[in-house]
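Q: Take a look and give me a structure for this.
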Amino acid sequence: MNALRGSAVICSATSPLPTSHREVTEKSRLRIFSGSANVALAEEVAAYLGLPLGPMVRKRFADGELYVQIQESIRGCDVYLIQPVCRPVNDHLMELLIMVDACRRASARQVTAVIPYYGYARADRKTAGRESITAKLVANLVVKSGADRVLAMDLHSAQIQGYFDIPLDHVFGAPVLIDYLESKNLSDIVVVSPDVGGVARARAFAKRLNDAPLAIIDKRRQVHNVAEVLNVIGDVKGKTAVLVDDIIDTGGTLTEGARMLRREGARQVYACATHAVLSPPAIERLSSGLFEEVIVTNTIPMMDHHHFDQLTVLSVANVLGETIWRIHEDTSVSSMFIND
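A: Residues are numbered from 1 along each chain as shown. The predicted model follows:
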């Protein structure tokens with residue numbers, strides 16, 4: 001597990017697969033390529049599998065068009081393309097589609113789009129007239145580009161899995177976050193969902209965290225990116241509250257939730273999320289002193305100006321690497337997340 005706290009590295013590189021597995025992998029037709037969105041994460045995944053990242057040329061024409069060329073033969077290979085759809089979202093989405101098309105035209109046996117962060121996922125249904133369901137639109141684009149399957153982490157809503165007409169493996173960052181929390185030996189933990197829509201996620205998180213009690217923040221959102229917190233359902237007084245969400249964008253939901261938890265008597269407040277989008281003014285909100293620690297993963301690359309003292313970044317490379325290995329070997333992926 002890799003972790004960054006502030007700007008300092010806490011743990012070193014990922015542990016690769018056993019040598020015997022590496023040798024088998026090197027003799028197989030498994031290939032790993034990375035788009036430009038998060039090369040550092042892709043390198044960690046490749047290191048876990050004992051493979052180099054495949055060579056690829058990425059460039060931009062004068063008018064802004066993207067160009068991609070795979071620089072080794074992948075005929076008959078199982079190709080995994082690692083590319084989160086993060087800022088700049090449109091460029092990275094288009095680059096992913098071009099990479100898939102390039103691999104399909106290079107006669108790859110199977111192309112898997114590994115999307116650690118699935119952009120455009122928040123518009124997953126119509127809540128008002130004349131809206132686009134962009135989560136479905138992106139799924140259509142990925143399928144039409146020629147992908148054979150998708151590997152995604154912590155989709156904003158589980159229903160997005162049904163938007164794909166190809167196999168989708170859905171994996172979770174929770175085990176990485178929970179392992180880190182358990183290493184801190186926190187006492188009197190209560191897991192808190194920042195809104196009613198996140199209750200299922202928080203309940204599953206609490207179950208894995210030694211069946212911790214659950215609390216819910218009753219929230220009303222009037223407009224996008226603006227949250228209005230009303231009250232807390234559950235007992236948080238004198239406890240260590242762990243706010244759990246999938247995405248931190250502007251930080252408004254978590255910040256208002258933390259403020260309410262403090263008013264209700266929570267002794268400590270931690271925030272956990274898989275995807276750290278961190279749009280302004282997230283950094284100012286999260287570093288305001290409301291949180292003991294803000295714990296996220298590296299599905300989205302962390303820019304230097306995003307670091308602050310309370311921030312801890314954990315690596316999900318081992319989870320993605322193990323999942324890729326299991327897909328390649330046709331073994332169970334869901335068994336990785338069974339809670340004993």
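
Q: where in the stretch 1-150 of the chain is pLDDT low?
A: For the stretch 1-150 of the chain, applying pLDDT under 70 flags the ranges 1-28.

Q: for R87, helix, strand, or coil?
A: Reduced to three states with DSSP: H, G, I helix; E, B strand; the rest coil, the structure at R87 is coil.

Q: how about it, phi and psi?
A: phi -60, psi 130 (degrees, to the nearest 10).

Q: looking at this, T250 is in a helix?
A: No. Counting by three-state DSSP, T250 is located in no helix; its state is coil.

Q: quick one, what contacts it?
A: Contact analysis of T250 by Cβ atoms under 8 Å, 6 or more residues apart in numbering lists 225, 279-282, 285. C-beta: built from backbone N, CA, C; applies to glycine.

Q: Report pLDDT for it.
A: pLDDT, T250: 95.

Q: Could you do V196 as well?
A: At V196, the model reports a pLDDT of 85.

Q: that older thread, pipe the contacts of T250 into a markdown table and attach pLDDT and secondary structure per row.
A: As requested, these are exported to a markdown table (pLDDT from 0 to 100; DSSP: H, G, I helix; E, B strand; the rest coil):
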| residue | pLDDT | secondary structure |
| --- | --- | --- |
| N225 | 59 | coil |
| S279 | 95 | coil |
| P280 | 94 | coil |
| P281 | 95 | coil |
| A282 | 96 | helix |
| R285 | 96 | helix |
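
Q: burial measure for E43, as a count.
A: 18 (other Cβ atoms under 10 Å).

Q: coming back round to it: I'd like the contacts of T250 written out as a markdown table, with neighbour count and distance to V242 added.
A: Listed next are the contacts of T250 as a markdown table, based on neighbours: other Cβ atoms under 10 Å; distance: Cβ to Cβ, whole Å:
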| residue | neighbour count | distance to V242 |
| --- | --- | --- |
| N225 | 11 | 23 |
| S279 | 12 | 23 |
| P280 | 9 | 25 |
| P281 | 13 | 23 |
| A282 | 21 | 19 |
| R285 | 22 | 18 |
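
Q: Distance to K237 for the residues you listed - can I get that in CSV?
A: Converted to CSV, the contacts of T250 look like this (distance: Cβ to Cβ, whole Å):
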residue, distance to K237
N225, 30
S279, 32
P280, 33
P281, 30
A282, 28
R285, 24
